[in-house]
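1. Pasting the sequence and the predicted coordinates here, then a few questions.
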Amino acid sequence: MLSHNSPGDIHPNLWPPFTQLNENSRQERVLGGDGALLHRDGLPPLVDAISSWWVTLHGHGNIKIAEAIAAQAKKLEQVIFADFSHPQAELIAERLSALTGLQKLFFSDNGSTAVEVAIKIACQWWLNKDQPRSQIIAFEGAYHGDTFGAMAIGERNLFNAPFEKMLFPVKRVPWPATWWGDEGVEDRENLALRKLETLLETPTALVILEPLIQGAGGMAMVRPEFLQAVEKLTRQEGALLIADEVLTGFGRCGNLFAFLRAGISPDLIALSKGLTGGFLPMGVTMSKAKIFEEFIGEDPKLTLWHGHSFTGNPLGCAAANASLDLLEKNPQSFENFEARHLPHLTDLAKHPKVTKPRLIGTIAAFDLKIDGKKGYFNVSGKVLKDIAKKQGVFIRPLGNVVYLLPPLCISDCQLEQCYASIQKGLDNL
């Protein structure tokens, strides 16, 4: 039974994520979606300029993915994956292995759990080899998810402060983010690499990074050359390299995977978000065969004792295969997206309130020139968000960091509308 609360109120039985539920909190009701548009209850449609938290790859209601899920639902909706396989799981595993060069796929439920699996595999790999290593290296500003292992390797901040004493120790390296016209990037990269080299003098289990861009950390982009140097140092000291491609995978950075554009070869990769085109929750962790082989043997201690009830869910696998079909049939949709952003961002970068403009693939970002403390809790982004919404565009700035990350299907007219709404917001801040 539907409640009779206002379409803008938070439902009395719901607890939204990342939301302080005070008297001013509101949650608009969406009744449907079509391409880049969200259709609201009693309000005009909105252009979904952030792909509904970066998951809606091809747009809302994509018919090919919807039909693939419907067809699979009539055959098999779920089966215990510890004892049984099925064609859709085998197909997506074969395809992702061929595309990534990593031979083994482990299913999970979402991006955070895909990262958790990668961490557990990497740490247990050293134990299985009778060479236990405990040091883990991550990067300042990172976000890898909200489960405990993912929180531990992410930036320590207000979001995970209640659990600080429960998180395992992690060593951190500066993330030399860069932008258009940045003349100091090489110095920052060298500083970060020297710190990494020093930390790697201690035997290290793994180094984990978000290739090319830290998403929730402020759309902070780094150069491929830096990541190549990170990989070289990591290899020299024998540690495993994990690429968290939860955001960056499936065309978001202009290549099918960001590690390919960066020119690196990770040992483990975490994937989610765009994996199913945003239709169903699913995560996967890809692993090189050399890692998998250390988990084989008669001793139960060698086993990766990890799983999820919906591991390898057939509906999710069907959606993933359909989404991958769309990407392979039209690679220009993500390969050419950077060129679509470029003229708009170039014009916007001239605005006096814009600083540090940056662009990679489907993701355009900049910082607001503001007074006061920068970061996630700066209110300027919320003000800009409200102005853009009145122009028919939904954005969700990360504090003073403003970004666009639209679905691949967005029209040129809708993309222009996104930039126009931000321009108006900047003029009225």
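-> Nice, I can see it. These numbers were taken from a predicted model, which means no experiment stands behind them.

2. residues contacting residue 141?
-> If you count contacts by Cβ atoms under 8 Å, 6 or more residues apart in numbering, residue 141 has them with 155, 175, 177, 214, 217, 218, 220. Placement of C-beta: from N, CA and C, glycine included.

3. I'd like the distance between the residue nearest the centre of the chain and residue 324.
-> Within the chain, one residue has its C-alpha closest to the average C-alpha position: by Cα atoms, centre = their mean, that is residue 247, at 1.9 Å. The span separating residue 247 from residue 324 equals 17 Å under the rule Cβ to Cβ, to the nearest Å.

4. Same check on residue 11?
-> Looking at residue 11 against residue 324, where the rule is Cβ to Cβ, the gap reads 35 Å.

5. about what we covered before: how about the residue nearest to the centre of the chain, what does it touch?
-> For residue 247, the contacting residues are 54, 111, 210, 213, 215, 273, by Cβ under 8 Å, 6+ apart.

6. Residue 233 too?
-> Per Cβ under 8 Å, 6+ apart, neighbours of residue 233: 193, 196, 197, 200.

7. tell me which element it falls in.
-> Using DSSP states H and E, residue 233 sits within helix 224-236.

8. for that helix, which positions count as buried?
-> 226, 227, 229, 230, 231, 233, 234 (16 or more other Cβ atoms under 10 Å).

9. Helices of the protein, residue ranges please.
-> Taking DSSP state H as the criterion, the chain contains helices spanning 51-54, 63-73, 87-100, 111-128, 148-153, 185-199, 224-236, 258-262, 289-292, 314-329, 332-335, 337-348, 380-390, 412-428.

10. Could you list the residues in contact with the third one?
-> Looking back up the chat, that one is helix 87-100. Identification of contacts with helix 87-100 by Cβ under 8 Å, 6+ apart yields 72, 81, 102-105, 107, 256-257, 269, 271, 284, 286, 312, 314, 317-318, 320-321, 324.

11. Stretch 330-338 now?
-> The contact list for stretch 330-338 (Cβ under 8 Å, 6+ apart) reads 250-252, 254-256, 326-327, 359-362, 408-409.

12. Could you tell me the average pLDDT over that stretch, please?
-> Across stretch 330-338, pLDDT averages out at 98.

13. Could you tell me how far that stretch lies from the centre of the chain?
-> Shown here is stretch 330-338, whose average C-alpha point lies 18 Å from the average C-alpha point of the whole chain (Cα atoms, centre = their mean, to the nearest Å).

14. sorry, back to before: adding distance to residue 278, write the helices of the chain out as CSV.
-> What follows is the helices of the chain, written out as CSV (distance: least, Cβ to Cβ, whole Å):
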stretch, distance to residue 278
helix 51-54, 6
helix 63-73, 9
helix 87-100, 16
helix 111-128, 12
helix 148-153, 20
helix 185-199, 33
helix 224-236, 27
helix 258-262, 18
helix 289-292, 29
helix 314-329, 8
helix 332-335, 14
helix 337-348, 16
helix 380-390, 21
helix 412-428, 17
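
15. Out of those, the one nearest residue 299 is which?
-> Minimum separation from residue 299 across the helices of the chain (Cβ to Cβ) falls at helix 111-128, 8.9 Å.

16. Give me the buried stretch members for the closest one, please.
-> Neighbour counts over helix 111-128 (16+ other Cβ under 10 Å) mark 111-126, 128 as buried.

17. any residues touching it, and which ones?
-> Defining contact as Cβ under 8 Å, 6+ apart, one finds that helix 111-128 is touched by 106, 108, 132-134, 136, 144-147, 149-150, 153, 205-206, 208, 240, 242, 244, 246-247, 267-273, 283-285, 287, 291, 294-295, 301-302, 304, 306, 308.

18. Please check the contacts of residue 233 and keep the buried ones.
-> Under a neighbour-count criterion of 16+ other Cβ under 10 Å, the subset of the contacts of residue 233 counted as buried comprises 193, 196, 200.

19. Neighbours of the nearest residue to residue 34 once chain neighbours are set aside, how many?
-> Distances taken as Cβ to Cβ, 6 or more residues apart in numbering put residue 61 closest to residue 34, at 5.4 Å, once the chain neighbours are dropped. Residue 61 sits with 15 neighbouring residues when counted by other Cβ atoms under 10 Å.

20. From residue 418, how far out is residue 61?
-> Spatial separation of residue 61 from residue 418 under the definition Cβ to Cβ is 20 Å.

21. do residue 250 as well
-> Relative to residue 418, residue 250 is positioned 21 Å away (Cβ to Cβ).

22. Also residue 194?
-> In this structure, residue 194 lies at 40 Å from residue 418, with Cβ to Cβ as the measure.

23. Show me which of those two is the more surrounded one.
-> residue 418 (26 against 13).

24. contacting residues around the closest residue in space to that one that isn't next to it in sequence?
-> If you skip the residues right next to it in sequence, residue 418 has residue 49 as its closest partner in space, 4.7 Å away by Cβ to Cβ, 6+ apart. Residues in contact with residue 49, defined by Cβ under 8 Å, 6+ apart, are 36, 388, 393, 394, 395, 404, 405, 406, 410, 418.

25. Buried ones among these?
-> Among the contacts of residue 49, those buried by neighbour count (16+ other Cβ under 10 Å) are 36, 388, 393, 394, 395, 404, 405, 406, 410, 418.

26. These into a markdown table, with extra columns for distance to residue 367?
-> As requested, those are arranged in a markdown table below (distance: Cβ to Cβ, whole Å):
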| residue | distance to residue 367 |
| --- | --- |
| 36 | 25 |
| 388 | 16 |
| 393 | 19 |
| 394 | 20 |
| 395 | 14 |
| 404 | 14 |
| 405 | 16 |
| 406 | 20 |
| 410 | 23 |
| 418 | 18 |
